[in-house]
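1. structure here, sequence nowhere to be found:
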Ligand code: 5GP
Ligand code: ZN
């Protein structure tokens, strides 16, 4: 399948990776809209939020666990936005489910 984010997961297209495990992959957005802007995506190809079903939805909960951890590690302790665009009218430009995380580092970052 010809999918940009599947190619990034497979390493065929380089990315600035932050984290990966068995089911999710996180990397910095190539065109950041905030001081810290990264994407968290399921490794399974799910085309959009509209393609979430009872069979594949568990990974969405895991995405949010990973967002909670990574946002803390990256210094977004004062908060952040999570955005998902769906379909053409929702502004979705890549047809692989992704969650934008947008924020800025707190003044206390890095720790120590
Ligand atoms: P959407 O508009 O579909 O919600 O978000 C797609 C996001 O993917 C955009 O913010 C865009 O900057 C990002 N993006 C598109 N192509 C690439 C790429 O090749 N690498 C990375 N890291 N991000 C990309
Ligand atoms: Zn894909």
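-> Nice, thanks for sending it over. Computed from a prediction, not measured in an experiment: that's the story for all the values here. Ligands and ions are numbered 1, 2, ... in the order given.
2. state which strand of the chain is the longest.
-> strand 36-42 (DSSP state E).
3. let me see the contact set for the residue nearest to residue 27 when sequence neighbours are not counted.
-> Ranked by CB to CB, 6 or more residues apart in numbering and with sequence neighbours excluded, the top spatial neighbour of residue 27 is residue 15, at 4.1 Å. Heads up, the C-betas are built off the backbone N, CA and C, glycines and all. Applying CB atoms under 8 Å, 6 or more residues apart in numbering to residue 15 gives the contacts 8, 27, 28.
4. ok, what's across the strand from the second one?
-> The residues paired with residue 27 through beta bridges, assigned by DSSP bridges, are residue 17, residue 39.
5. any idea how far residue 39 is from it?
-> 6 Å (CB to CB, to the nearest Å).
6. try the first one
-> Between residue 8 and residue 39 the computed distance is 9 Å (CB to CB).
7. what's the overlap in contacts for those two?
-> With CB under 8 Å, 6+ apart, residue 8 and residue 39 have common neighbours residue 27.
8. what residue is smack in the middle of this protein?
-> Compute the mean C-alpha point of the chain, and by CA atoms, centre = their mean the closest residue is residue 40, 1.6 Å away.
9. my read: residue 8 touches residue 27, true?
-> Yes: judged on CB atoms under 8 Å, residue 8 makes contact with residue 27 at a distance of 6.6 Å.
10. good, we can wrap up now.
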